[in-house]
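>>> Next one to model:
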Amino acid sequence: MDVTIYHNPACGTSRNTLAMIRNAGIEPTVIAYLETPPTRERLVRMIGDAGLTVRGAIREKGTPYAELGLDDPDLSDDQLLDAMLAHPILINRPFVVTPMGTRLARPSERVLDILPETHTGAFAKEDGEEVLDVEGKRIV
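Below is the predicted model of the structure:
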């Protein structure tokens, strides 16, 4: 299965998401989006395919969001996209694209909605929270 993750290795949610993809037996294409941001067209497509608004795809915490005045409700989607592309840290993460759909995997287990049920056993997040049981089934 062709899976792409827009990944930040410094982010626990992104690391957990990548580990869940691999737990499904899939080695994804990993794009370090801080170094290689998506094109504007690709970013717009991912946001739309994930069912988000542009504003809903912006990361505020640990970014220059406030300093750039991005909380201004009068800013257009184009202005927000310009800021996201100029400062990729503003792109919320991780975005995952598969043939089954696109998700902003926050929380990380949202990625399970767009992966086949091919998990190789139990999975727990870095903090110990169990996500999959020993049979690879989602714990609700």
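>>> alpha carbons only for contacts and neighbour counts from here, please
Will do.
>>> Run through the residues that contact the residue most central in space within the chain.
Ranked by distance to the mean C-alpha position of the chain (CA atoms, centre = their mean), the top residue is Pro94 at 1.9 Å. By CA atoms under 8 Å, 6 or more residues apart in numbering, Pro94 lies in contact with Ile5, Tyr6, His7, Asn8, Thr13, Ser14, Thr17, Leu104, Ala105, Arg106.
>>> which of those residues count as buried?
Burial by neighbour count, judged by 16 or more other CA atoms under 10 Å, picks out Ile5, Tyr6, His7, Asn8, Thr13, Ser14, Thr17, Leu104, Ala105 from the contacts of Pro94.
>>> any idea which of those is closest to Arg138?
Nearest to Arg138 among the buried ones among the contacts of Pro94: Thr17, at 14.1 Å, using CA to CA.
>>> Pull up the gap between the residue of the chain most remote from its centre and Ile89, please.
Most distant from the centre of the chain: Asp74, at 26.1 Å, with distances by CA atoms, centre = their mean. Distance from Asp74 to Ile89, counting by CA to CA, to the nearest Å: 22 Å.
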